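Asker: no sequence for this one, just the structure:
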């Protein structure tokens, strides 16, 4: 399986963001990738109010764009995430389309970042986003992939549930901030890969998207042993890497943590 990541610098111009994403997908399709992953909120990255104003239903402009592009290029396309408008609220949602342009997976972010800092500064994602209520995996030509989004990375039980559901590749679109990304991005990705004997492909937003707001980037793929086998440079970038499923099986044989898990205690 060959996977590709498109590291973007999305802002508040949806048309420009879709064009930039299409360029990245085109480059990776030319390299023969099976699955392309875009970052979190690839089609529009702004304030909560701006994101809400740009929210779409599914199907909608961005998902139909992704559906058509997947079919045109003959690839699996993971659209990172968009703000999805539903009757019951707005959700941070990933959708995956197969080579025929058919939807094969949909996942809404489970864990929302709510924090009040000692100086009184607040960031309450739950005021703008409704959490999802289920995990999601899909089959990519015989390889099972599990879905998560950004802040989900800090909750190992989600990734274990995906592995227990058969996931061999974990996919994480994100828009990590620079302060947390510098210290936590790579260690958390490597830990989730090691714990579950999985590849983890993490596709991030990069760069400034508003005054004082900057994403960390450093999109990367970690293997089941926790080694970073590919990483984007600074700036807008793409990467393509072959995933060795025979190696994954060998790691799981040498370190069979999934077999040794105490299901009698932990379910």
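Answerer: Cool, the structure landed. What you are looking at is a predicted structure, and each value in this text was computed from that prediction instead of being measured.
Asker: middle-most residue in this protein, spatially?
Answerer: The centroid of the chain falls nearest to residue 173 when counting by Cα atoms, centre = their mean (2.1 Å).
Asker: that one belongs to a helix?
Answerer: No: counting by DSSP: H, G, I helix; E, B strand; the rest coil, residue 173 is located in no helix; its state is strand.
Asker: from residue 100, how far off is it?
Answerer: 22 Å (Cβ to Cβ, to the nearest Å). In short, each C-beta sits where N, CA and C put it, glycine included.
Asker: what sits against residue 189?
Answerer: Residue 189 makes contacts with 153, 172, 200, 202, 220, 222, as judged by Cβ atoms under 8 Å, 6 or more residues apart in numbering.
Asker: what do you get if the cut-off is 10 Å, keeping everything else the same?
Answerer: 153, 170, 172, 174, 200-202, 218, 220-222, 226, 228 (Cβ atoms under 10 Å, 6 or more residues apart in numbering).
Asker: need the max-distance pair from those.
Answerer: The span of the contacts of residue 189, defined through Cβ to Cβ, is set by 174 and 226 at 18.3 Å.
Asker: quick one: the helices in this structure?
Answerer: For the chain, the helices defined by DSSP state H cover 14-30, 48-53, 61-73, 156-164, 178-180, 186-196, 245-254, 257-260, 263-266.
Asker: can you pull the buried residues of stretch 143-163?
Answerer: Across stretch 143-163, burial judged by 16 or more other Cβ atoms under 10 Å covers 143-153, 158-163.
Asker: now do the nearest residue to residue 163 once chain neighbours are set aside, the pLDDT please.
Answerer: What sits nearest to residue 163 in space, not counting adjacent residues and going by Cβ to Cβ, 6 or more residues apart in numbering, is residue 196, at 3.9 Å. We have a pLDDT of 98 for residue 196.
Asker: next, count neighbours for residue 196.
Answerer: 24 (other Cβ atoms under 10 Å).
Asker: for the longest strand belonging to the chain, packing partners?
Answerer: The single longest strand within the chain, with elements called by DSSP state E, is strand 89-97. Packing contacts for strand 89-97, counted by 3 or more Cβ pairs under 10 Å, 6 or more residues apart in numbering; DSSP states H and E, involve strand 35-37, helix 48-53, helix 61-73, strand 76-78, strand 82-86, strand 103-108, strand 143-147, strand 169-174.
Asker: what comes up buried for it?
Answerer: 90, 91, 92, 93, 94, 95, 96, 97.
Asker: look up how far residue 159 lies from the nearest residue in space to the fourth one that is not next to it in sequence.
Answerer: Closest residue to residue 93 apart from its sequence neighbours, by Cβ to Cβ, 6+ apart: residue 84 at 3.9 Å. Distance of residue 84 to residue 159, given as Cβ to Cβ: 23 Å.
Asker: go on, residue 106?
Answerer: Using Cβ to Cβ, residue 106 is found at 19 Å from residue 159.
Asker: spit out the contact partners of residue 177.
Answerer: Per Cβ under 10 Å, 6+ apart, neighbours of residue 177: 123, 184, 185, 205, 213, 214, 215, 216.
Asker: and if we set it to 7 Å?
Answerer: Each residue near residue 177 by Cβ atoms under 7 Å, 6 or more residues apart in numbering is listed here: 215, 216.
Asker: per-residue confidence at it?
Answerer: We note a pLDDT of 95 for residue 177 in this prediction.
Asker: repeat that for residue 135.
Answerer: Confidence at residue 135, expressed as pLDDT, is 98.
Asker: find the nearest non-adjacent residue to it, please.
Answerer: Per Cβ to Cβ, 6+ apart, closest to residue 135 is residue 161, 5.4 Å.
Asker: and if you look at residue 132?
Answerer: Of all residues not flanking residue 132 in the chain, residue 108 sits nearest, at 3.0 Å (Cβ to Cβ, 6+ apart).
Asker: now do the nearest residue to residue 234 once chain neighbours are set aside: how many residues are near it, please.
Answerer: Excluding its sequence neighbours, the residue lying closest to residue 234 (Cβ to Cβ, 6+ apart) is residue 217, at 6.6 Å. Neighbours of residue 217 under the rule other Cβ under 10 Å: 28.
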